[in-house]
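**Q** got a sequence here, can you model it:
(one chain, ligands or ions: 2)
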Amino acid sequence: MNVLIAPSLLAADFAALGRDIAAAERGGADLLHVDIMDGHFVPNLTMGPPVVKSIRRVATVPLDVHLMIEEPDRFVEAFVEAGAAMISVHAEVLPHLHRTIQFIKSLGARAGVAINPSTPVGALEEIAGDVDHVLVMSVNPGFGGQTFIPRSESKIRAVRQLLNAAGNHAAIEVDGGVDSSNAARLVAAGATILVAGVAIFGSADAERATRELREAALAPVSQRV
Ligand code: DX5
Ligand code: ZN
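**A** Numbers count the residues shown, from 1 in each chain. Ligands and ions are numbered 1, 2, ... in the order given. Alright, predicted model coming up:
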C-alpha cells in the first residue's frame, strides 16, 4: 500500500516557511498541503497565489492546494499558474462541480473534490468517475489542531466503495486531526494521502514527525493503536 504524506503548512511558521518545508521534505514528505481560506466559506483567512508561488520556488515536492473558498472557479487558474499540482474544491460551494473539475484538469492540474464532515458521500456519486482524488475532511475546515471526527473512518470506506464502483482508482486524502494514533486505521479504511498539520509542524522536529507519521501509517496491524 503506497501512502503519501502531505504536511499541511497551515501549522508551519509562516515567517520561516522555507525552513519548515525543507524539514518536512528531509523527513520524506511526498506533497505539501497548502490551505487557502477566504473568511467566507470558512471563518479564517490564509494566503493567496503570490505566497503559493513563493512556496513553489523553494519546494521540491508537488503542491496540493486545498481551496476552502467560495467561487473557486475565479481563482483556480491563478493557483495553477502559481504552481499547484493538485487542486481540491469543495462540493458544498459548487453548483457546477463537473464543470469545475474538467476546468482544473484542462489547466493540467490533478482535480479533487473535498467534502465537509456533514456532507454525505452521496454528493460525490455523479462525479466519482471524473475525479483524480477525493478529500475527506475529518474536522470542520477552517483551523488546524482540531480533534479528529471518528465517523470519518467509515466515511473513507464508503468513498472507496463509491470510487471502486465507478472504476476509479483515485486517491483518497484525509485532512484534519490526523496523527500517529489514527494513521494506520485511516490507511486500512482506504486513505492514500494523509494530511497532517499540527502533528508535524506542532512538534519540535518536523523532519522526525514526518518520518514517524509514515512509519505509523505503515505499521503492521498488530502494532496499530
Ligand atoms: C483545516 C485544514 C487542514 C489543517 C489540518 O481546515 O484543511 O489542512 O491544516 O490541520 P491538523 O492536521 O492540525 O488538524
Ligand atoms: Zn486542508
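**Q** run through the protein and note the low-pLDDT ranges.
**A** Applying pLDDT under 70 to the chain flags residues 1, 221-225.
**Q** can you pull the residues of it lying near ligand 1?
**A** Residues of the chain found near ligand 1 (CB under 6 Å from any ligand atom) are 8, 10-11, 33, 35, 66, 139, 141-146, 175-178, 195-199. Every residue, glycine included, has its C-beta placed from N, CA and C.
**Q** next up, the contacts around whichever residue of the chain sits closest to ligand 2.
**A** In the chain, the residue that lies nearest ligand 2 is His66 (3.7 Å; CB to the ion). Counting by CB atoms under 8 Å, 6 or more residues apart in numbering, His66 touches 33-36, 88, 114, 135, 175, 195.
**Q** name the nearest residue to Arg151, ignoring sequence neighbours.
**A** Pro117 (7.2 Å; CB to CB, 6 or more residues apart in numbering).
**Q** please read the previous query as pertaining to Ser88.
**A** Sequence neighbours aside, Gly112 is the residue nearest to Ser88 in space, at 4.1 Å (criterion: CB to CB, 6+ apart).
**Q** and that neighbour, what element?
**A** Assigned by DSSP states H and E, Gly112 belongs to strand 110-115.
**Q** can I get the helix or strand hosting Asn164 in CSV? Just the C-alpha atoms.
**A** Per DSSP H and E, Asn164 falls inside helix 152-165. Listed next in CSV are the C-alpha coordinates belonging to helix 152-165 (Å, rounded to 0.1, in the frame of the first residue of the first chain):
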residue,chain,number,x,y,z
SER,A,152,-14.7,9.9,9.1
GLU,A,153,-13.1,6.5,9.2
SER,A,154,-16.2,4.7,7.9
LYS,A,155,-16.8,7.6,5.5
ILE,A,156,-13.4,6.9,3.9
ARG,A,157,-14.5,3.3,3.4
ALA,A,158,-17.7,4.4,1.8
VAL,A,159,-15.9,6.8,-0.6
ARG,A,160,-13.5,3.9,-1.5
GLN,A,161,-16.5,1.8,-2.4
LEU,A,162,-18.1,4.5,-4.4
LEU,A,163,-14.8,5.1,-6.4
ASN,A,164,-14.3,1.4,-6.9
ALA,A,165,-17.9,1.1,-8.2
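**Q** elements contacting that helix?
**A** strand 133-137, strand 171-175, helix 183-189 (3 or more CB pairs under 8 Å, 6 or more residues apart in numbering; DSSP states H and E).
**Q** give me the angle between that helix and strand 171-175.
**A** If you take axes from the mean of the first three to the mean of the last three CA atoms, to 10 degrees, helix 152-165 sits at 160 degrees to strand 171-175.
**Q** for the residue nearest to Ser88, give the beta-bridge partners.
**A** Gly112 has these beta-bridge partners by DSSP bridges: Ser88, His133.
**Q** my read: it touches Val136, true?
**A** No: using CB atoms under 8 Å, Gly112 is not in contact with Val136, being 10.5 Å away.
**Q** now do the shared contacts for these two.
**A** In contact with both Gly112 and Val136: Glu173, using CB under 8 Å, 6+ apart.
**Q** more neighbours, these two?
**A** Neighbour count, other CB atoms under 10 Å: between Gly112 and Val136, Val136 has more, with 28 against 25.
**Q** now the more buried one: how far from Asp73?
**A** 22 Å (CB to CB, to the nearest Å).
**Q** and for Asp132?
**A** Counting by CB to CB, the gap from Asp132 to Asp73 is 17 Å.
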